[in-house]
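> got a predicted model here, sequence first, then my questions.
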Amino acid sequence: MTETATSEPVAAQSERCTAAVRISGASVRLGGRIIFADVDLTVDSGQFVAILGPNGAGKSTLMRAILGLAPLAAGSVQVLGDTPAGARSRVGYLPQQRSLDRAAGVRGVDLVRLGLDGTRWGLPLPPLGKARRRSERNRIAEVIELVGASAYAGRAIGELSGGEQQRLLIAQALVRRPELLILDEPLDSLDLPNQAAVAALVRGVTSRERVAVLLVAHDVNPLLPHLDRVVYLAGGRALTGPVDEVITAPRLSALYGAPIEVLRTSDGRLVVVGLPEAPHHHGDRHEPQP
Amino acid sequence: MTPTVNPSLSLNLVADLRDLFQFPFMVHALEAATIVAVLASVVGWYVVLRRQAFAGHTLSVMAFPGAAGAALAGWPAALGYYVACAAAALAMAGTGPAVGRHKSVASAVIATVQITGLAAGFLFLSLNHQILVGLETLLFGTFLGVSSSQVLVLLAIAAGVLAVTALIARPLHFCTLDPEVARARGVPVRALDVCFLLILAFAVAATSQITGALLTFALLVAPPAAAQLITGRTLAGLVVSVAIALVVAWLGLAAAYFSIYPAGFYVTTFALAAYVLAWTARAARGRLAARRRTRLPSAGVLESG
């Protein structure tokens, strides 16, 4: 049972003083190939941080290392002052484009509920848990309200649009009041208005739920107004800092070892030009799973 | 094969029921069918959700190597069936994840396990130099000659399997719908895959005692599939699934008792009827809901619980 994190707010509060994620000198090797080496990264509690970078740069692998799902070849990862495995119950996770095939007939609210009780063994015993069940129902309704999904949470997952599903999945990741939320490409496959809306939603969540958010993205533009820091991952190395410091021509050029330009459009969008990868190459975006 | 009794259906329901219960063999058959219906419809609810019908079918044909091997070794046929089913489940589990990214590989693995099992059965049969006794019973089931000790064995197996299912119910549900997140949350996805295949193996072997190996799906897949057409809720779905399976099993046995045709045929026919009814009801409801939605564009109320 991993119930302690949600039922002991005092302990949780004191943990918030330590960094949400502290990575130093981390390297991951998968199948003999070095995915990234010597990456340092600190995410403070309550921060909204994006991990950016070209396809295959190891963004998802870095997430998996933070979740304790990808073993480190070198260095260390500390999550909420604990090991990745030890912090699991305090981390909410939204993987990249999962298939909700099997959940097509399940109601949204039941999918959210799985985030709360999906790890519990045995059956809920009716006479014992009445108060707890009421508080769980309230929490589920609250988190669905938070992501703005109340109008359709009672409908089957298969009937909902991609944006509606994504909000419910964010609600599922938030339902246990995690201290760190990890979102892998949550804006992928959404249209532009939904990308902006979900990015704003995540920003709102970081302050209202006091949760640190680590988000993987292809495109920084929908996130730009909301981010505290970015991590730019390329060529097996990482650059960390505020958006304006990291996404600059000299720093990206140094990271890639090739001349790169960063343009700012009149409406504030950043455009990165001259990346070594062909920009229209859309091969298998999924990194190898161990 | 004709029964020694010659029952006839009257229009008096009470008399018919008394007629049905007057022989111990019929009472035992109804007890066994009840146990099997509950077990199959609960386990089957997960089979349908997890899309493991092919694995279920492969386990059901393990009746052949199981019975042939048992005949060779001098065991009771049912024991051979349980052993063969468990071995096949472990073989399928050991060679790849049943749920996850490698679905195409998984189905090829299951097919390989299936033909290996059938080939082994054929080998056992020729080693034994004889025709398999009770082949028809094995394939299509029987409700004649279920003994009270067999009912007790079924009850013990069903109770054990259902207890394990209840214990792992929520993590199993979680890793069925959302394996990636379940794994990240520390749910032992792989162990649950193996555990569920073993649960399925026992459920299939037990179900086949009534429906026969070839007709296990009449109770294992059709009732839960119908239930999932009717409702997406977990608890309600399980209740509906069990209810359909019980009605199908009881009606099937009663119909077989009063007619000259076999129980397996009736059980399967009633199961199909339940599925068709559920499908029709869902289609009608979907059309109604679509019409209501176009009339009231912003209707949508959050129900929880």
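That came through, no problem. Numbering: from 1, shown residues only, chains lettered A, B, ... in the order given.

> roughly how far apart are the nearest residue to residue A:158 once chain neighbours are set aside and residue A:165?
Spatially, and ignoring its direct neighbours in sequence, residue A:158 is nearest to residue A:104 (3.2 Å; Cβ to Cβ, 6 or more residues apart in numbering or on different chains). Placement of C-beta: from N, CA and C, glycine included. As for residue A:104, its distance to residue A:165 is 10 Å (criterion: Cβ to Cβ, to the nearest Å).

> count of residues packed around the residue in the stretch 151-300 of chain B that chain A sits nearest to?
Nearest residue of the stretch 151-300 of chain B to chain A (Cβ to the nearest Cβ) works out as residue B:174 at 3.1 Å. Residue B:174: 25 surrounding residues under other Cβ atoms under 10 Å in any protein chain shown.

> spatially nearest residue to it (excluding sequence neighbours)?
Per Cβ to Cβ, 6+ apart, closest to residue B:174 is residue A:118, 3.1 Å.

> surely the one you found touches residue B:169?
No. When contacts are counted by Cβ atoms under 8 Å, residue A:118 is not listed as touching residue B:169 (10.3 Å).

> any common contacting residues for the two?
Counting by Cβ atoms under 8 Å, 6 or more residues apart in numbering or on different chains, no residue touches both residue A:118 and residue B:169.

> tell me where the model's unsure across chain A.
A:1-17, A:97-98, A:126-128, A:275-290 (pLDDT under 70).

> quick check, central residue of it?
In chain A, the residue lying closest to the centroid (Cα atoms, centre = their mean) is residue A:183, at 1.8 Å.

> secondary structure class for that residue?
Following DSSP: H, G, I helix; E, B strand; the rest coil, the label given to residue A:183 is strand.

> what's the burial count for residue A:28?
Neighbour number of residue A:28 under other Cβ under 10 Å is 24.

> may I have the phi/psi pair for it?
Main-chain dihedrals, residue A:28, degrees, to the nearest 10: phi -130, psi 130.

> what helix or strand is the closest residue to it other than its chain neighbours on?
Closest residue to residue A:28 apart from its sequence neighbours, by Cβ to Cβ, 6+ apart: residue A:35 at 4.6 Å. Taking DSSP states H and E as the criterion, residue A:35 maps to strand A:33-43.

> between whatever helix or strand comes next after that strand and strand A:33-43, how big is the angle?
Downstream of strand A:33-43, the next assigned helix or strand under DSSP H and E is strand A:48-52. Calculated by axes from the mean of the first three to the mean of the last three Cα atoms, to 10 degrees, strand A:48-52 forms an angle of 160 degrees with strand A:33-43.

> distance from the chain centre to strand A:48-52, please.
9 Å (Cα atoms, centre = their mean, to the nearest Å).

> what's the next secondary structure element after that strand?
Later in the chain than strand A:48-52, the nearest helix or strand by DSSP H and E is helix A:59-66.

> now do the contacts for the closest residue to chain B within chain A.
The nearest approach of chain A to chain B comes at residue A:118, 3.1 Å away (Cβ to the nearest Cβ). Going by Cβ under 8 Å, 6+ apart, residue A:118 touches B:170-171, B:173-174, B:178, B:182, B:185, B:187.

> okay, and which of the residues you listed map to helices?
Counting by DSSP state H, the contacts of residue A:118 place B:170-171, B:173-174, B:182 in helices.

> dump these into TSV; add pLDDT as well.
Formatted as TSV, those follow (pLDDT from 0 to 100):
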residue	pLDDT
B:170	93
B:171	95
B:173	94
B:174	94
B:182	90
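
> and which of the residues you listed is nearest residue A:44?
residue B:182 (28.8 Å; Cβ to Cβ).

> look up how far residue A:178 lies from that closest one.
The gap separating residue B:182 from residue A:178 is 15 Å, by Cβ to Cβ.
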